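Just need the structure, nothing else, for what follows:
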Amino acid sequence: EFCQENNIQIVSFGCNSYPKRLNDAANNMPVALFIRGNPERIHDSTIIAVVGTRDPSDWGQEVCRRITSTLVGRDATIVSGLALGCDQIAHSQTIKNGGKTIAVMPCGLDVVHPKTNTALAEEILEADGCLVSEYFPGVTARREYFVQRNRIQSGLSQGVIVVETGKKGGTMTTAQLCLKHGRQLGVVDPSSSRNLNC
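Okay, the predicted model is just below:
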């Protein structure tokens, strides 16, 4: 009833509207997805995850903007996690370039995390994108939910691009899941001169 009143669609495992890529990814995918916005986004022909650190360098920020813009220019839908840093840049740059983006959240769709990205979440919806979660409305983010969120980002995508990250953290988890799911993994090489023209 809450979902109906708040325009949240429920997509259950086994129904035709459950995304095929997610179904094919692994055996621990969500029993159901909650979706706000355009539910067709999860079926887009080309979905690429753009992920990275919450505290990117100036170089990482620019690389994230350029990679995202290039992907949008090739009609890719961008998926990320609505976190600060690289996720935030990927969503914003997609919208700026007239593209479509999916935000996979570690909480209920009525509880944006972090709160500072509430306006960005609304922009995603206004730009014909969608917010996705496996958690019931009202559920707040917990540490373990971020890791669970990462498997959905990878599962929905044909490939994952890691912009900038440390040796540990959620971005590395997403990269590992990408390989486990048999998807393509792209990583920006930080040691190759920091030449933004490459």
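
how about the helix-or-strand element of the chain with minimal mean pLDDT: buried residues?
The helix or strand of the chain with the lowest confidence, counting by mean pLDDT, DSSP states H and E, is helix 20-25 at a mean of 86. Of the residues in helix 20-25, those buried by neighbour count under the rule 16 or more other CB atoms under 10 Å are 21-22, 25. Yep, even glycine has a C-beta here, placed from its N, CA and C like the rest.

Kindly report the same for stretch 146-160.
Of all the residues in stretch 146-160, those buried under the rule 16+ other CB under 10 Å are 146, 148-157, 159-160.

Closest one of these to Ser92?
Using CB to CB, Gln153 is the member of those that sits closest to Ser92, with 17.0 Å.

Where does that closest one sit, in terms of helix or strand?
Counting by DSSP states H and E, the secondary-structure element that holds Gln153 is helix 143-156.

Could you pull up the mean pLDDT of that helix?
The predicted model assigns helix 143-156 a mean pLDDT of 93.

just how off-centre is the lengthiest helix in the chain within its chain?
When secondary structure is assigned using DSSP state H, the longest helix within the chain turns out to be helix 58-73. When distances are taken as CA atoms, centre = their mean, to the nearest Å, helix 58-73 is centred 15 Å away from the chain's centroid.

Check which helices and strands the helix or strand just after it is in contact with.
Read in the C-terminal direction, the helix or strand following helix 58-73 is strand 77-80, with elements assigned using DSSP H and E. Where contact means 3 or more CB pairs under 8 Å, 6 or more residues apart in numbering; DSSP states H and E, strand 77-80 is packed against strand 47-51, helix 58-73, helix 86-96, strand 101-104, helix 143-156.
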